[in-house]
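>>> would you be able to build a 3D model of this:
(one chain, ligands or ions: 1)
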Amino acid sequence: MRRKLKSSLAHSILSGRLRSEFFDLWAIDSISRMEREELLHYQMRRIRDILSYAYERVSYWKAVMDALHIKPKDIQTVEDFDRFPVMARDIFYYDKYTYYADGWEKMKYFQASTSGSTGRPITIFTSTNSPEIRLNTNKHFLYVCGLSNLARFTHFFWTIQNFRRLGTAIDFFAYRNDLGRLCQILREKGYRAIGGPPSILILLADYIKEKRLSLSLKFVQSGAEYLSPATRRDLEESFQCPVYDRYGCTELGTIAHECRMQIGAHVSVSNMLVQIVDESGKSISGRASGRIVITSFDNIFMPLIRYKIGDIGYWIDSECECGLRTPRIFFEGRSLHFLELPDGRKYPVLEIVGFMSRWYGGYMKRLQIIQESHHSIRLCFVPTHLYDERWDGLITRSLMELMDCDGELTIHIEKKAALLEMQSGKIPVFISLLNK
Ligand SMILES: [Zn+2]
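Numbering: from 1, shown residues only. Take a look at the predicted model:
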């Protein structure tokens, strides 16, 4: 009975009836520690809420449910929900108004554009009650990672809308030429954790390593870009603390976050349902890989229901020792990240990243793979002073062997001081120039 009450109270808080930071954090934490069955009960209730709303207010979802002869109240299990179609990201290029709720013109909303690192940039609208819950979800993860006071957190995600009010946001590039001053500020203010994209963290890590400084951090949070195993190792060595990865996207906020165990990432269960599905859209529960689709509980401007974020991943089944009971996911990367080989085969970019990290991780700081054509690939990286020029040929040969390619493919090795950035400032691990 007490449990049911807790679940109902958490539901009322997070569906927006009782708003305050304290209540949000209590509800998010309670949900993260619920038994699986109870958690699913809470999530299905939130799903029915958003589906009822979508049925009433969004023409696209009304048409879907009518075609399926289904009403929101009929959705009791994940299997029922699997009957819904998967939304692809490209819906936003076409008739996006079909997905907006009636009366959207009068709603308060914020607008955000995705960076375009997964293809074309898209513009997403979110209703105003979402940023609060998203912000509090991030705060909760920072507490779980061991931060006791948010005033002790600073980060370089200052361009990300719902991060601006998280701890202290610092514009890293204002200090780009005076990293000594930045380190002084970090130490004087007593920050115990810092966050940022790996491309920025690496610059700071190199500086403190070179100057033999210590920032006395409890942990570092990485996000917004791909964190390779080699970069993680480098950062942990320089900052002398663990690095926890945060997975998220503009449309949904933080999807999952690593805990101190660093085995997969705990999904944000209070504000979304994360599913891994097969090609037919059916949920996968075991350790098989599939596409990640997400239903957001809080976007009343434009409900995102079984929305495909473009990533693939698998579940980690065992219970986590950190105390959270939320499911853990392992992200395998972008499903769009495949090299197209001359013989028509598709080869996962992450295989190459993994290979390079394993063998050359200590000799290069960042890696970027650019596919120029079906016959030409550029492998760009920022070498460390330990890199030996004679390895260029060895790398090329090893990669050709790994991909089982013959002379029809050329791999150009390019050592650079900086890698290609997107307009948003992100440095993607893979850029495909095919079909452009
Ligand atoms: Zn954990």
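
>>> residue contacts, whatever residue of the stretch 101-250 of the chain ends up closest to the ion?
Using C-beta to the ion, the closest approach of the stretch 101-250 of the chain to the ion is made by residue 144 at 7.6 Å. In short, each C-beta sits where N, CA and C put it, glycine included. Counting by C-beta atoms under 8 Å, 6 or more residues apart in numbering, residue 144 touches 32, 257, 259, 266, 322, 324.

>>> again, only this time at 7 Å
259, 322, 324 (C-beta atoms under 7 Å, 6 or more residues apart in numbering).

>>> if we check the ion, which of the residues you listed are in contact?
259, 322, 324 (C-beta under 5 Å from the ion).

>>> what does the longest helix anywhere in the chain contact?
What stands out as the longest helix in the chain, according to DSSP state H, is helix 36-57. Residues from elsewhere that reach helix 36-57 (C-beta under 7 Å, 6+ apart): 3, 7, 10-11, 15, 31, 34, 61-62, 65, 72-73, 75-76, 81, 101-102, 269, 273, 295, 297, 300, 303, 305.

>>> quick one on the thing from earlier: give me the phi and psi angles of the residue of the stretch 101-250 of the chain closest to the ion.
Backbone dihedrals for residue 144, given as degrees, to the nearest 10, come out at phi -60, psi -40.

>>> residue 226 contacts residue 429, correct?
Yes - using C-beta atoms under 7 Å, residue 226 is in contact with residue 429, at 4.5 Å.

>>> tell me who's in contact with residue 23.
Neighbours of residue 23 in contact, by C-beta under 7 Å, 6+ apart: residue 13.

>>> my error: substitute residue 160 in the last question.
Taking C-beta under 7 Å, 6+ apart, one finds residue 224 in contact with residue 160.

>>> 10 Å - rerun?
Residue 160 is in contact with 112, 138, 166, 169, 197, 223, 224, 248, 250, 253, counting by C-beta atoms under 10 Å, 6 or more residues apart in numbering.

>>> let's have the residues you listed in TSV, adding neighbour count and distance to residue 187.
Compiled in TSV, the contacts of residue 160 are given as follows (neighbours: other C-beta atoms under 10 Å; distance: C-beta to C-beta, whole Å):
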residue	neighbour count	distance to residue 187
112	17	33
138	29	24
166	20	21
169	18	18
197	22	22
223	23	23
224	27	25
248	22	29
250	19	33
253	24	30
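
>>> the stretch 251-400 of the chain: helices as residue ranges?
Per DSSP state H, counting those that start in this stretch, the stretch 251-400 of the chain carries helices over the ranges 349-360, 391-403.

>>> tally of neighbours for the closest residue to the ion within the stretch 151-300 of the chain?
Nearest residue of the stretch 151-300 of the chain to the ion: residue 259, at 3.2 Å (C-beta to the ion). Residues near residue 259, counting by other C-beta atoms under 10 Å, number 21.

>>> now it, nearest residue through space, not along the chain?
The shortest distance from residue 259 to any non-neighbouring residue, by C-beta to C-beta, 6 or more residues apart in numbering, is to residue 322 (4.2 Å).

>>> ok, the one you found - contacts?
Residue 322 touches 144, 145, 146, 258, 259, 260, 261, 262, 263, 266, 328, counting by C-beta under 10 Å, 6+ apart.

>>> for stretch 63-73, measure first residue to last.
Using C-alpha to C-alpha, to the nearest Å, the end-to-end distance of stretch 63-73 comes to 16 Å.
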